[in-house]
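Peer 1: Provide a 3D model corresponding to the input given below.
(one chain, ligands or ions: 1)
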Amino acid sequence: MLLKNKIALVTGAAQGIGKAIALCFAEEGADVIISDINESKVKETAREVEALGRKSLALTCDVTDFEEIEKGLKLCLDKFERLDILVNNAGITRDALLVRMKNSDWEQVLNINLTGTFNWTKSAAKRMMKQKDGCIVNIASVIGLVGNPGQANYAASKAGILGLTRSVARELAPWHIRVNAVAPGFIATQMTEKLPEEAKSKMLAAIPLNRWGKPEEVANAVLFLVSDLSSYVTGQVINTDGGMVM
Ligand code: NAP
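Peer 2: Alright, predicted model coming up:
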């Protein structure tokens, strides 16, 4: 067990990659706080964590609302007394070519993906600094590295996450808090299911391993970064993309 008795919080954990991360952590011995906006799915995932023999807390919380986050963190600390691991995973896409992109879609994607990551990091970091220990992993995307037509908002938000990760890794290192990122490629979840078939085949052709990734494969990369196996790793990005970007 790589995370025995650790307390972890995962945002956007009601489904997809976040849920796979939460269940992976529970299997490795962590108690996991499930945070997301979808109340019924949050509760369902929390029950799945408990079915693995670990404690959980279902937190319905919007990553864009800093006050809600501070209240949510207090609930976590009332129940678990510490927070060892934060995974900023909540994210959305609102795709459109630049000249057709609504300003509101630009703002919403930046707000949820980037500001949401900043909000939870700021709130959790204060606690982790008191503990003089902690691990933060931000879920970025290979699109933040190479860009993609129709995803200027998403690419900017994910590139922003990489800059945030490296700056915060430098700031928090003196408190023994490690901060890293995982950049998934194309992973089979509800987010990618809605893509047009043509776009899916084009993407598949660009993946050397010639298949889509599974949420559990992203979870394994995150597990490495929050466990002691990576005790000398901070400020790094692991691409989990079947070799798309190399
Ligand atoms: P997903 O299935 O859509 O899951 C994302 C979760 O985040 C959903 O439960 C969603 O709730 C929640 N969420 C949305 N807005 C939120 C908010 N304001 N506050 C809290 N939670 C919120 O997506 P996924 O594919 O698992 O993606 C997870 C992360 O991986 C995202 O950051 C994404 O950008 C990144 N990623 C995914 C891929 C991929 O190929 N799937 C590739 C690279 C990076 P609702 O469903 O109710 O909106």
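
Peer 1: burial count for residue 103?
Peer 2: 8 (other C-beta atoms under 10 Å). For every residue, glycine as well, the C-beta is placed using N, CA and C.

Peer 1: quick check: residue 72 vs the ligand, distance?
Peer 2: 10 Å (C-beta to the nearest ligand atom, to the nearest Å).

Peer 1: hang on, that residue packs against residue 35?
Peer 2: Yes. Judged on C-beta atoms under 8 Å, residue 72 makes contact with residue 35 at a distance of 6.5 Å.

Peer 1: between the two, which is the more surrounded one?
Peer 2: residue 35 (33 against 23).

Peer 1: find residues that contact each of residue 72 and residue 35.
Peer 2: 59, 61 (C-beta atoms under 8 Å, 6 or more residues apart in numbering).

Peer 1: mind showing which ranges of the protein have poor pLDDT?
Peer 2: Residue ranges of the chain with pLDDT under 70: none are present.

Peer 1: tell me which parts of it are close to the ligand?
Peer 2: 11-12, 14-18, 36-38, 62-64, 89-92, 112, 116, 139, 141, 184, 186-187, 189-192 (C-beta under 6 Å from any ligand atom).

Peer 1: for the residue nearest the centre of the chain, give me its contacts.
Peer 2: The centroid of the chain falls nearest to residue 89 when counting by C-alpha atoms, centre = their mean (2.0 Å). Residues counted as contacts of residue 89 (C-beta under 8 Å, 6+ apart) are 10-13, 17-18, 21, 139.

Peer 1: ok, so of the residues you listed, who is nearest residue 82?
Peer 2: For the contacts of residue 89, the closest approach to residue 82 (C-beta to C-beta) belongs to residue 10, at 16.0 Å.

Peer 1: where's the closest one, which helix or strand?
Peer 2: strand 7-11 (DSSP states H and E).

Peer 1: mind exporting the very next helix or strand once past that strand as CSV, just the C-alpha atoms?
Peer 2: Note on strand 7-11: by DSSP H and E, the next helix or strand toward the C-terminus is helix 16-27. Presented in CSV, the C-alpha positions along helix 16-27 are these (Å, rounded to 0.1, in the frame of the first residue of the first chain):
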residue,chain,number,x,y,z
GLY,A,16,-13.9,10.0,-15.3
ILE,A,17,-10.3,10.5,-14.5
GLY,A,18,-11.0,12.1,-11.1
LYS,A,19,-13.1,9.1,-10.0
ALA,A,20,-10.4,6.6,-11.2
ILE,A,21,-7.8,8.6,-9.2
ALA,A,22,-10.0,8.5,-6.0
LEU,A,23,-10.6,4.8,-6.3
CYS,A,24,-6.9,4.1,-7.0
PHE,A,25,-5.9,6.1,-3.9
ALA,A,26,-8.5,4.2,-1.8
GLU,A,27,-7.1,0.9,-3.0
